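Undergrad: would you be able to build a 3D model of this:
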Amino acid sequence: MLSALFGLIAVTEVVLLGLVIAMRRRHPDWALTLLILVILALIWDNTVIAVGATVGEGDTLEALSYPRYITHGLLVPLLIMVGVGLGRRHGVRSLAGRAAPAAFGALTVALIVAGIYLDIIDLDLEPTRYADTLRYTNAASHGAPIPAVVTILVLIGIGATLLIRTRWPWLLAGAVAMFVAAGLGALAFWTGNIGELLLILSIWWTAAHSVRSAQLTSA
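TA: Below is the predicted model:
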């Protein structure tokens, strides 16, 4: 059943990817480009877990698993800049100008470097079974993934700002859902993947809302 759930999550993310690409073509935006990269990484992650038990333990599944961790470490912090871009599109004054994007950009780079150090350099994969799933996990992992946690907290802050300024609650809701799901991941790892899906869904919905608002303003 869990393998099917991961397959369903992957399919849903493929649909979201198509929606984001379509939006990006109609309304070019660097934030949407970064979002596309993150969604591609999540699709790979969920697909590999979904087919893990079918592929079976061995070199093939291990090779497919390395990109899961590499892309996670490199790309997840990019969601900070996606959030900054969405905030700017919604007219958040504190994110206007060059100073805020530069500061958040520096934070993003720092988190990527930390992710490389914590999750990639010492990557040590070992097979792990859970229910009907088979996946390779990082035996060298210690504690919570700091770059991901910081990324979620920044998105919660941006989401709260959007709620206060524009009464748009969904980015905050998605980020909080991701934070809660990540916490529950210690008990059931699949909750984190559901949280990621909810977060990406909330980001896409927020981006779509900004497009509609801009169209209404220019009409």
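Undergrad: just checking, residue 66 touches residue 125?
TA: Yes - Residue 66 lies in contact with residue 125 (C-beta atoms under 8 Å); the separation is 7.2 Å. In this view, the C-beta of every residue, glycine as well, is placed from N, C-alpha and C.
Undergrad: neighbour count winner among the two?
TA: Per other C-beta atoms under 10 Å, whichever of residue 66 and residue 125 has more neighbours is residue 125, with 18 against 14.
Undergrad: tell me if I'm right that that one and residue 136 touch.
TA: Yes - Residue 125 lies in contact with residue 136 (C-beta under 8 Å); the separation is 4.1 Å.
Undergrad: tell me what the helix or strand harbouring residue 154 is packed against?
TA: Assigned by DSSP states H and E, residue 154 belongs to helix 146-166. Helices and strands touching helix 146-166, as assessed by 3 or more C-beta pairs under 8 Å, 6 or more residues apart in numbering; DSSP states H and E, comprise helix 78-89, helix 99-115, helix 170-184, helix 190-218.
Undergrad: apply 7 Å and report the result again.
TA: helix 78-89, helix 99-115, helix 170-184 (3 or more C-beta pairs under 7 Å, 6 or more residues apart in numbering; DSSP states H and E).
Undergrad: wait, residue 48 touches residue 66, no?
TA: No - Residue 48 is not in contact with residue 66 according to C-beta atoms under 7 Å; the separation is 9.9 Å.
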